[in-house]
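Fold the following and give me the result.
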Amino acid sequence: MGRMLTFEIFRYNPEEKGTEPRMQTYRLEETANMTLFIVLNRLREEQDPSLIFDFCCRAGICGSCGMVVNGRPRLACQTKTKDLPDHIVLLPLPVFKLVGDLSVDTGVWFREMYQKTESWVHTRKVFDPSREEERMDNAVAEQIYELERCVECGCCISACGTARMRDDFLGAAALNRVARFVIDPRDERTDKEYFEIIGNDYGIFGCMGLLACEDVCPKHLPLQNQLGFLRRKMGITAIRNLFGK
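The predicted structure follows:
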C-alpha cells in the first residue's frame with residue numbers, strides 16, 4: 001500500500017452568493033507516479049464533483065494547471081506526490097482573478113500584458129507574400145526560441161514580490177517577452193522606444209531582484225539573464241536620455 005496523503009484545498013466559488021472562502025480536507029492513497037493532476041481528477045471523480053481546477057495538456061505545455069503547492073507556485077501535471085510530504089496544501093495562484101477554488105483567469109492578465117508591451121514585430125516593411133522568407137542567423141533564432149518557450153502559466157508572476165504588492169507591475173513574463181523582441185533583428189524599435197515601455201517603476205526598474213520568478217519557472221527559462229540584460233540596456237538608455245544623446 002502507498003502512503004495515505006492528506007490534501008487541504010482552498011474552496012470558494014465567487015458565483016455562489018453567501019459562501020465564504022474555506023479550506024477543505026481530502027484523503028487519498030498514493031499510487032506509483034502520481035501527480036497532482038491525477039490527484040485532483042481522482043478527487044473530483046471519486047469524492048467531490050464540485051471541485052474546480054484547470055487542466056488541458058497534462059504535459060507542462062498549456063500552463064493551465066498552475067497553483068500554489070505548499071507555498072510554492074507549480075504546475076500540477078509536473079508535480080509528483082513522491083516529492084512532497086504526506087500533508088499537501090493547495091491554493092490558487094495569487095495576483096490573477098479567481099474563477100473558483102484552484103482556477104484563476106490568467107488570460108486577461110496576459111492579453112493586457114501583450115498590449116502594454118506591444119508584443120508584435122514592429123517593422124516598416126510591407127509584407128510581400130511572393131518574396132523569399134528573410135534569413136536569420138541560427139544562433140539568434142535559437143535565442144528567440146529559448147524565450148518563446150514561456151507557457152504563460154503565471155507561476156513567475158505569482159511568485160513575484162513586486163507583483164504581489166503592485167497590480168501595475170509588468171513582471172518577469174512581460175520583461176522576458178520584451179527581451180525576445182529586443183534580440184529579434186526583424187523588430188525595428190529603438191532602445192528609446194523600448195525605454196518608453198519598460199524603463200520605469202512598473203517595468204524593469206520595479207524589479208526587486210529576488211529572482212523567485214526563475215526559481216519557480218516550470219520551463220526553466222533564463223529569466224535572471226534577461227532581467228540583467230534589460231536592466232543594463234535600459235540603464236544605459238536612461239543615461240543617454242539624460243545627456244540628450
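
Longest helix in this protein, please.
In the chain, with assignment by DSSP state H, the single longest helix is helix 223-242.

now that one: how far from the chain's centre is it?
When C-alpha coordinates are averaged (Cα atoms, centre = their mean, to the nearest Å), helix 223-242 and its chain have centres 22 Å apart.

right, and H122 touches T190 too?
No. In terms of Cβ atoms under 8 Å, H122 does not count as a neighbour of T190; the distance is 9.9 Å. (Each C-beta comes from the backbone N, C-alpha and C, glycine too.)

Find the residue ranges of the protein scoring beneath the pLDDT cut-off.
With pLDDT under 70 as the threshold, the chain has low-confidence stretches at 1, 245.

can I see the domain layout of this structure?
Taking automatic domain parsing as the domain assignment, the ranges for the chain are 4-104, 106-242.

Output these in a markdown table, with mean neighbour count appended to each entry.
What follows is these, written out as a markdown table (neighbours: other Cβ atoms under 10 Å):
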| stretch | mean neighbour count |
| --- | --- |
| domain 4-104 | 16 |
| domain 106-242 | 16 |
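
which residue ranges form the strands in the chain?
For the chain, the strands identified by DSSP state E occupy 4-11, 22-29, 66-69, 72-75, 87-91, 97-100, 103-105, in order along the chain.

so who does the most centrally placed residue in the chain touch?
Residue closest to the mean C-alpha point of the chain, counted by Cα atoms, centre = their mean, is G154 at 2.6 Å. When contacts are counted by Cβ atoms under 8 Å, 6 or more residues apart in numbering, G154 touches G63, G66, P73, L93, V95, F96, V104, T106, W109, F110, A173.
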